[in-house]
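Visitor: have a look; sequence and predicted model below, questions after that.
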Amino acid sequence: MPRPQWRDAAGRSWPLPRPGERLVFARHAHAALRAHIYARDGYRCCECGAEAQEVPAPYDGRKTLFIAATTQKGNRIPLVLDHRISLRNGGRTQPRNLQTLCATCNNTKATRIDRVAGRVTP
């Protein structure tokens, strides 16, 4: 059975990563997925709105490991690809379950989820 596919904004089909597969951005399909999600989200954190600076044109998702973002406090931090529903909670690596977050919001989200699950003491 063929692997499920997703389509980027240009209409190109890419294979979805296998369930539980770690994203490796040296792989073209994984890099294209990251570039697609970042572009879809406007190169901004979906939580705080921190905006990426110096986005290479065209951004292909492979060569750049992170994109520096400027927060309201002026700190430079990376933007990351985040699973809305984590893999360990049954989420999948597919465009509708992915979002762009800054590292600060990503860490805050993880801490908040772990507290609710009883894995972190307040």
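Guide: Now that the structure is in, tell me what you want to look at. It should be emphasised that the depicted structure is a prediction, and the values quoted were computed from it without experimental measurement. Numbering: from 1, shown residues only.

Visitor: pLDDT score assigned to H28?
Guide: Confidence at H28, expressed as pLDDT, is 91.

Visitor: for it, list the residues it contacts.
Guide: R62 (CB atoms under 8 Å, 6 or more residues apart in numbering). The C-beta positions use only the backbone N, C-alpha and C, and glycine is treated the same way.

Visitor: in this structure, what spans have low per-residue confidence?
Guide: Counting by pLDDT under 70, the chain has low-confidence residues at 63-71, 74-76, 110-122.

Visitor: please redo it, this time with the cut-off set to 90
Guide: Counting by pLDDT under 90, the chain contains low-confidence ranges at 1-3, 8-10, 18-23, 25-26, 48-80, 85-91, 102-104, 107-122.

Visitor: and the top strand by length along the chain, which strands flank it?
Guide: Once the chain is assigned using DSSP state E, the strand that runs over the most residues is strand 76-83. Under the criterion DSSP bridges, strand 76-83 sits next to strand 67-70 (antiparallel), strand 98-102 (antiparallel) in its sheet.

Visitor: measure the residue nearest the centre of the chain to G91 for me?
Guide: Geometric centre of the chain, nearest residue: L81, 1.2 Å, by CA atoms, centre = their mean. Applying CB to CB, to the nearest Å, one obtains 12 Å for the distance of L81 from G91.

Visitor: and H83, by the same measure?
Guide: 5 Å.

Visitor: tell me the residues that contact both of these two, please.
Guide: Contact criterion CB under 8 Å, 6+ apart; residues bridging H83 and G91 by contacting each: N97.
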